[in-house]
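In: this one's structure only:
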């Protein structure tokens, strides 16, 4: 396979969706020689802030002189951005090589890309592998490991309730599944479900490091990253990283992929006190009304769109929900036209609600 063929092969696997259980990935990793068990893994689970914490830890370790693998999702710019070493994407040739070698394996897209990541990091002999869970923790493909150096839990909130449970405690229980026996867990301030992680660490004889409340989510994220670095004995300090589609400014437009209530709250705190025009697209399996209740009242105009994803909410339905909170809602079925209309407005411009939407519009924002 060449790179484009490998990428198309991966895309085809998306139709399998998410399938519970670790049996498929464990078999594939065993066929590879269990490369994940060669690595010093910093494993990160949580609802919000995983990408920020993962990137800030990786950047600090690189600055300290270590060879660092970083695995994050979802991607926004390039599919390969999910697998990086020292800030460089896996090469197209290496990506194609690994996909070709294991193409016959039975695995979902995320399971497949996770195994490639573990194999690549092992083959490249990274000093640390900073690995972000895709969803949940206990049953997440990244959790097919015997041990980890440090488990990190970021902010825990209601999301993916169909898979993880319909209460905060149930979701926290799933996240706690990445904690390994006789290990270390660093916990972001999560007062409402802290007891879940305390109980898990006590049961597994693992050390729990509770990060003190710092006053806002970004300070909490950085304090969490610094707690990890301190436990590792690394003197470098974490800094807020620049990550695509996380309140990112592009040609005068803010692009934000957050899609749950906590993400909306974080965005809301950074919206200016001026006229705001927004393009919003969301997945129908999210708490759409909850998200809109925080963002839409700040908007003088909203253009609703349908992101290119089978799980996307129809622009018309989204527009009906948005109309509860904003008196000027336009439904636009053509995303390019929605962006053109947004650019013409004399206001603070925002595109938000989905990483899938962010991925779709990014090239148009560069024009």
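Out: Done, it's in. Quick caveat, the model's predicted, so the values are computed rather than measured.
In: please state the offset of stretch 308-324 from the chain centre?
Out: Taking CA atoms, centre = their mean, to the nearest Å, one finds stretch 308-324 lying 22 Å from the centre of the chain it belongs to.
In: what are the buried residues along that stretch?
Out: Within stretch 308-324, the residues that count as buried by 16 or more other CB atoms under 10 Å are 309, 312-313, 315, 318-319, 321-323. The C-beta positions use only the backbone N, C-alpha and C, and glycine is treated the same way.
In: now do stretch 207-218
Out: So, applying 16+ other CB under 10 Å, buried residues of stretch 207-218: 208-211, 217-218.
In: isn't residue 315 up against residue 306?
Out: Yes - using CB atoms under 8 Å, residue 315 makes contact with residue 306 at a distance of 4.4 Å.
In: shared neighbours of the two, anything?
Out: By CB atoms under 8 Å, 6 or more residues apart in numbering, residue 315 and residue 306 have these common neighbours: 281, 333.
In: ok, for residue 241, nearest residue in space, not its chain neighbours?
Out: residue 55 (3.9 Å; CB to CB, 6 or more residues apart in numbering).
In: coming back round to it: closest one to residue 263 out of the buried residues of stretch 207-218, please.
Out: Nearest to residue 263 among the buried residues of stretch 207-218, counting by CB to CB, is residue 217 at 9.6 Å.
In: tell me the confidence at that closest one?
Out: For residue 217, the model assigns a pLDDT of 90.
In: backbone torsions only: list them for the spatially closest residue to it that is not a sequence neighbour.
Out: Closest residue in space to residue 217, ignoring its immediate chain neighbours: residue 266 at 5.3 Å, by CB to CB, 6+ apart. Recorded main-chain torsions at residue 266 are phi -60, psi -40, according to degrees, to the nearest 10.
In: mind checking how far residue 266 is from residue 246?
Out: Distance, residue 266 to residue 246, using CB to CB, to the nearest Å: 9 Å.
In: show me the contacts for the residue nearest to residue 217.
Out: Contacts of residue 266 (CB under 8 Å, 6+ apart): 48, 217, 247, 258.
In: may I ask which two of the residues you listed are separated the most?
Out: For those, the maximum inter-member distance is 12.4 Å, found between 48 and 247 (CB to CB).
In: show me which of these two is the more surrounded one.
Out: Of the pair residue 48 and residue 247, residue 48 is the one with more neighbours under other CB atoms under 10 Å, namely 23 against 19.
In: and the gap between the more buried one and residue 228?
Out: 17 Å.
In: what do you get for residue 209?
Out: For residue 209, the distance to residue 228 - CB to CB - is 8 Å.
In: common neighbours of these two, please.
Out: Counting by CB under 8 Å, 6+ apart, the residues touching both residue 209 and residue 228 are residue 186.
In: what stretches of the stretch 251-367 of the chain score poorly on pLDDT?
Out: 367 (pLDDT under 70).
In: which residues of it fall in strands?
Out: 253-256, 276-280, 301-304, 329-331, 348-352 (DSSP state E, counting those that start in this stretch).
In: now the stretch 101-250 of the chain
Out: Per DSSP E, counting those that start in this stretch, the stretch 101-250 of the chain carries strands over the ranges 128-132, 150-153, 184-187, 207-210, 248-250.
In: quick one on the thing from earlier: format the strands of the stretch 251-367 of the chain as TSV; extra columns: mean neighbour count.
Out: Converted to TSV, the strands of the stretch 251-367 of the chain look like this (neighbours: other CB atoms under 10 Å):
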stretch	mean neighbour count
strand 253-256	22
strand 276-280	25
strand 301-304	24
strand 329-331	19
strand 348-352	24
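In: who touches the nearest residue to residue 24 once chain neighbours are set aside in this structure?
Out: Closest residue to residue 24 apart from its sequence neighbours, by CB to CB, 6+ apart: residue 107 at 5.1 Å. With contact set as CB under 8 Å, 6+ apart, residue 107 has these partners: 13, 24-25, 28, 115.
In: helices - which of those residues land there?
Out: 13, 24-25, 28, 115 (DSSP state H).
In: need the residues you listed in JSON lines with distance to residue 199 and neighbour count, can you?
Out: JSON lines is the format used below for the ones in helices among the contacts of residue 107 (distance: CB to CB, whole Å; neighbours: other CB atoms under 10 Å):
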{"residue": "13", "distance to residue 199": "36", "neighbour count": "15"}
{"residue": "24", "distance to residue 199": "30", "neighbour count": "18"}
{"residue": "25", "distance to residue 199": "27", "neighbour count": "25"}
{"residue": "28", "distance to residue 199": "32", "neighbour count": "22"}
{"residue": "115", "distance to residue 199": "31", "neighbour count": "26"}
